[in-house]
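Undergrad: My questions are about this predicted structure, shown below with the sequence.
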Amino acid sequence: MKLSVIIPVYNEAQTMREIVRRVLDTGLVSEVVVVDDGSTDGTREILAELDGKQGVRVILHERNQGKGAAVRTGLQNAIGDVLLIQDADLEYDPREYAGLLKPIEDGIADVVYGSRFLGAARRPILFWNMLANKLLTFATNVLYNNILSDMETGYKVFRRQVVQDMPLHARRFEFEPEFTAKILKRKYRIYEVPIAFYPRDYSEGKKIKLWDAFEALWALIKYRFVD
């Protein structure tokens, strides 16, 4: 089973080398597809050094289009049997990969979510972000009759077949609800595992804003009725 890790990136020069090192150090990855979404802070120069080394492949967007657009580019170009989305900001630890992959390897899941709210270690900051995540997850469960604990998690792992013919339109942070809505409507087997979480605050470069929560809610409602 070949694992492709997709890393959407925008202005992460401070963490870029470290996240790629951590991903490769797992020893579980066949390729790393980094999609730079128009960075202007020196990230591209770092990626030029990494491109082609140890299975790292870099794809550049000419202009900033949003995280969802970068993820979609990664999905279109990854060649692994299993795909994993990894943020570049060090909030999620690649040492979790073995646990995330196990339900797929055991044949009990098509999709695995790493949940920040199932009791693993986490840095306790940003109450309002957590509340928004909880409310969006609650809305997901009501609309799609499920019991997810963390719809907005950045750790989503899935078999290639899940997205092979799935139309995805997200350009920004609404990728999470769109993807979740479509896998739930298609009745894929989804599994959650607890993960440790190390959130950064806005002074450290966190990008998601309050308005993104409203976009996510609209996406959940829209995709309940359309594809």
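TA: All right, it came through fine.

Undergrad: State the number of residues packed around Trp218.
TA: Around Trp218 there are 12 other residues, counting by other Cβ atoms under 10 Å. (C-beta placed from N, C-alpha, C; glycine too.)

Undergrad: Pull the contacting residues for it.
TA: Each residue near Trp218 by Cβ atoms under 8 Å, 6 or more residues apart in numbering is listed here: Glu174.

Undergrad: for the helix or strand where it lies, which positions count as buried?
TA: Per DSSP states H and E: Trp218 is located in helix 210-225. Buried residues in helix 210-225, counted by 16 or more other Cβ atoms under 10 Å: 212-213, 215-217, 219-220, 223.

Undergrad: All the strands of the chain, residue numbers only.
TA: For the chain, the strands defined by DSSP state E cover 3-9, 31-37, 56-61, 82-85, 111-115, 156-159, 190-194.

Undergrad: Serialize those strands to CSV and add fields for distance to Ile147, mean pLDDT and mean neighbour count.
TA: CSV is the format used below for those (distance: least, Cβ to Cβ, whole Å; pLDDT from 0 to 100; neighbours: other Cβ atoms under 10 Å):
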stretch, distance to Ile147, mean pLDDT, mean neighbour count
strand 3-9, 27, 98, 25
strand 31-37, 32, 98, 24
strand 56-61, 36, 98, 18
strand 82-85, 22, 98, 24
strand 111-115, 11, 97, 24
strand 156-159, 17, 98, 23
strand 190-194, 9, 97, 18
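
Undergrad: can you redo those strands as CSV with distance to Val20?
TA: Listed next are the strands of the chain as CSV, based on distance: least, Cβ to Cβ, whole Å:
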stretch, distance to Val20
strand 3-9, 8
strand 31-37, 6
strand 56-61, 6
strand 82-85, 14
strand 111-115, 19
strand 156-159, 18
strand 190-194, 23
